[in-house]
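J.: what's the 3D shape of this:
(3 chains)
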Amino acid sequence: MTILYAVLVLGALGAAFGALLAFASRIFHVEVDPKQAAVRACLAGANCGGCGFPGCDGYAAAVAKGEAPCNKCVASGPEAAAKIAEIMGVAAGDTEKMVAFVPCSGCTDTAELRFHYTGPEDCRAAMLFGGKSNKLCTFACIGLGNCVKACKFDAMHIENGVAKVDRSKCVGCGACVDTCPKEIVKLIPEKQKIMVACRNQDKGAQVMKICKVGCIGCMKCQRECPADAIHVESFVAKIDPEKCIQCGHCAEVCPRHIITTLK
Amino acid sequence: MNFKRQLKEGVITNNPILVQQLGMCATMAITTSLFNGVGMGLSVLIILTCCNVAVSAVRKFIPDEIRLAIFVVIIAGFVTIVDLLLQAFIPALSESLGVFIPLIVVNCIIIGRAEAFCQKNPVGASFVDGITQGLGYTVVLVIMCVIRELLGSGRFGGGLIDLAKGITLDGTGTGIQLFNSDYGASILTLPVGGFLTLGFLFAAMQAALKKSAKKKAAAAKTEEKEDEAA
Amino acid sequence: MNKILKLALVLFVICAIVAGILGAVDLITRDRIQAYQTNRTNRARAAVLPVKAAEGEEMYVDIPLDSLSIPATVTANGQDVEILSMARAADGSGHVVEVKFSGAQGNVVMIVGVSNELTCTGISITQHSETPGLGAVAASDTDKGARFRDSFIGVDGSVQLKDIDAMSGATITSRGVTAGTAAAIQFVEAMLNAK
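T.: Coordinates of the predicted model:
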């Protein structure tokens, strides 16, 4: 008898609440796009903002609405882009892996200082004292680590007063590029292994006074390059990644040894 | 359903208390004697396993709107069953644990595993998950009880072990007095002690996990280097 | 409409199944639990008023409080004491009264044995949250606790704090226990007078 009583009471309560919940779900109904959840599940979830949207949820929402391309998330890799494209029913664009690069070699051994800076560890603070840098070279990396703080993947480090990228950890989200107050950091294709580690546009004689390794625009690399990939513009050498054949010859002939071979 | 992997996860890498940090309220309040700790741990293990199986069995028939209501009804049902059985057959444990047995209904571990695991996995895997997570829970409870009792009052096995009678299920076992309780830090037997002990256990677990992660990273790097050299 | 019916039905079925199983478990365990509870109460009562009874025979006869014409609260020694339950010893040797009063850290529940001569035969504290080492000594198994409780044996309904062996540093608890004992005896007296 007690069993029957219990079954009836609890069953009635259950039915009542079930009906109430059904009613409530109809009144408070929110349209949720199932595609958004599916896209979100493909993403890495680091919320790095590299896609330009507010977090992974923001990017998933934009993709589901058709407002964003499928290959914006570099952190999740090309497989994620392919999966997202499948969900959205479009062909995914090719994501070429980009990594960050700091074209400056002005470390404590090589760059002459304009002044000794003591203060908040922020590149922008050091820039307040005029000359755009604590180093004599106005194009140099200040080396106080705004990029390090911006990097969520532990790929940026300050070594000897200049920023260096750990290419094994860099996912190419571009947070460091956005945060650098001197706009020094740039994204290059990962397959480009030869880079000129300097961006100084001063004349050669001037450069030799303020930095031991800065590019002087002597044009030796330009003359020696077999692929016509490197040219000196405004007294600094620049490599065209489309033409470069990665032979490394320019690095061998550079008198300043400023052209580096990246791993 | 991979028993070995799930066992390792349940007891170490995804331990419900030390890693997921769920259900800590009961952990800190209960762990004053080994009798309580073992009793509570085994109760949670049984309830967790039963609930996991039940939720997994009905997972395909549950409409989304009443999902939570159904989970709670199932969990409350099993907790009441265990409560009644304990009151009838091990009344000393029921009195000792007091209000914490009904509180198992809202223990985050059970509803957490139901939501996170059993909804998407078959009955077999859910059953194993219940057992392994329950084991992990019990292990941590036992460790906390032993630490708090031993350092707090010099006793081991209070309520459960008796030098004369062996293992007692009526809570009268006086335990083995390893040293005079006057020399114990009785703060450990108070709720403060629960917080402190759990805090230290968290720290120890995190340190161990970090070390093991570093080892793995180092091993992976040397493997990479060997591959590159090869 | 369809959705409401469907959800209601699903929840009804699940609740019904769970309730059915619970009802069955209750049927199995109810007698055992009841027997254990009675046993436990009797043991607590026997600690204050031992009763000679054969195995399985009723030891104490419960007297429902609402069958009495006297109120279930007594003010003794200026303190309000609530009477929770009352029973008569089956062999006629006296009564056991369960009282609740305010201690130092919250309510205290105590069982008092009252003889036919309206004196205390013993006290036993069953629930409290008093300070360990101070008020909690009254309920503990230590010598101090036993001495405190034994000092109540033989007192009558006019017992004051000075008549018993109070615990130093636990005056409020000692006062409460004294008031509780006095109230229990006064309640039995009032009940017998009202008959």
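
J.: Show me the strands in chain B, by range?
T.: Here chain B has its strands, by DSSP state E, at B:155-156, B:161-162, B:166-167, B:176-177.

J.: and A:Asp94, what pLDDT?
T.: Predicted confidence (pLDDT) at A:Asp94: the value is 58.

J.: pull the helix or strand with minimum mean pLDDT from the chain.
T.: In the absence of a named chain, chain A is used. Counting by mean pLDDT, DSSP states H and E, the weakest-scoring helix or strand in chain A turns out to be helix A:78-88, with a mean of 76.

J.: wrong one, chain B
T.: In chain B, no helix or strand scores lower on mean pLDDT, DSSP H and E than strand B:166-167, which sits at a mean of 76.

J.: how far does that strand sit from the chain's center?
T.: Counting by CA atoms, centre = their mean, to the nearest Å, strand B:166-167 is centred 23 Å from the centre of its parent chain.

J.: same thing with stretch C:180-190?
T.: Centroid separation between stretch C:180-190 and its chain, computed with CA atoms, centre = their mean, is 14 Å.

J.: Going by neighbour count, list what's buried in it.
T.: By neighbour count on 16 or more other CB atoms under 10 Å in any protein chain shown, the buried set for stretch C:180-190 is C:180-188. Where C-beta positions appear, they are placed from N, C-alpha and C, glycine not excepted.

J.: Likewise for stretch A:230-244?
T.: A:230, A:232, A:235-239, A:244.

J.: just stretch C:170-177 next, same as before
T.: C:170, C:172-177.

J.: cool, and stretch C:89-109?
T.: By neighbour count on 16+ other CB under 10 Å, the buried set for stretch C:89-109 is C:89, C:94-104, C:108-109.

J.: and what of stretch A:169-179?
T.: Neighbour-count burial for stretch A:169-179 flags A:170-177, A:179 (criterion: 16+ other CB under 10 Å).

J.: who's in contact with the residue nearest to the spatial centre of chain B?
T.: Nearest to the geometric centre of chain B sits B:Tyr137, at 1.5 Å (CA atoms, centre = their mean). The contact partners of B:Tyr137, by CB atoms under 8 Å, 6 or more residues apart in numbering or on different chains, come to B:15-17, B:23, B:41, B:44-45, B:48, B:109.

J.: Using JSON lines, lay out those together with distance to B:Thr32.
T.: Conversion of the contacts of B:Tyr137 to JSON lines gives the following (distance: CB to CB, whole Å):
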{"residue": "B:Asn15", "distance to B:Thr32": "21"}
{"residue": "B:Pro16", "distance to B:Thr32": "20"}
{"residue": "B:Ile17", "distance to B:Thr32": "16"}
{"residue": "B:Gly23", "distance to B:Thr32": "17"}
{"residue": "B:Gly41", "distance to B:Thr32": "14"}
{"residue": "B:Val44", "distance to B:Thr32": "17"}
{"residue": "B:Leu45", "distance to B:Thr32": "20"}
{"residue": "B:Leu48", "distance to B:Thr32": "22"}
{"residue": "B:Ile109", "distance to B:Thr32": "20"}
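
J.: What is the nearest of these to chain C?
T.: Nearest to chain C out of the contacts of B:Tyr137 is B:Leu48 (CB to the nearest CB; 16.7 Å).

J.: Pretty sure B:Gly134 is one of the things that closest one touches, is it not?
T.: Yes - the pair B:Leu48 and B:Gly134 passes the contact test of CB atoms under 8 Å, sitting 4.7 Å apart.

J.: quick one, which of the two is more surrounded?
T.: B:Leu48 (28 against 25; other CB atoms under 10 Å in any protein chain shown).

J.: Check the gap between whichever residue of the stretch 101-250 of chain A sits closest to chain B and A:Asp228 for me.
T.: Nearest to chain B, among the residues of the stretch 101-250 of chain A, is A:Ser168, at 9.3 Å (CB to the nearest CB). Going from A:Ser168 to A:Asp228 by CB to CB, to the nearest Å gives 31 Å.

J.: A:Gly172 too?
T.: Counting by CB to CB, the gap from A:Gly172 to A:Asp228 is 27 Å.

J.: And the strands in chain C, which stretches?
T.: Taking DSSP E, the strands of chain C run over residues C:60-62, C:73-76, C:79-89, C:94-102, C:107-115, C:120-127.

J.: Output those strands in CSV, with mean pLDDT appended to each entry.
T.: Below are those laid out as CSV (pLDDT from 0 to 100):
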stretch, mean pLDDT
strand C:60-62, 84
strand C:73-76, 88
strand C:79-89, 90
strand C:94-102, 92
strand C:107-115, 91
strand C:120-127, 89
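
J.: tell me the SS of the closest residue to A:Gly161 other than its chain neighbours?
T.: Spatial nearest neighbour of A:Gly161, excluding adjacent residues (CB to CB, 6 or more residues apart in numbering or on different chains): A:Gly143 at 4.1 Å. The assignment at A:Gly143 comes out as coil when based on DSSP: H, G, I helix; E, B strand; the rest coil.

J.: and A:Gly143, how many neighbours?
T.: Neighbourhood size, A:Gly143 [other CB under 10 Å]: 28.

J.: Show the pLDDT at the spatially closest residue to A:Thr179 that is not a sequence neighbour.
T.: For A:Thr179, ignoring the flanking residues on the chain, the nearest one in space by CB to CB, 6+ apart is A:Ala150 at 4.0 Å. Predicted confidence (pLDDT) for A:Ala150: 86.
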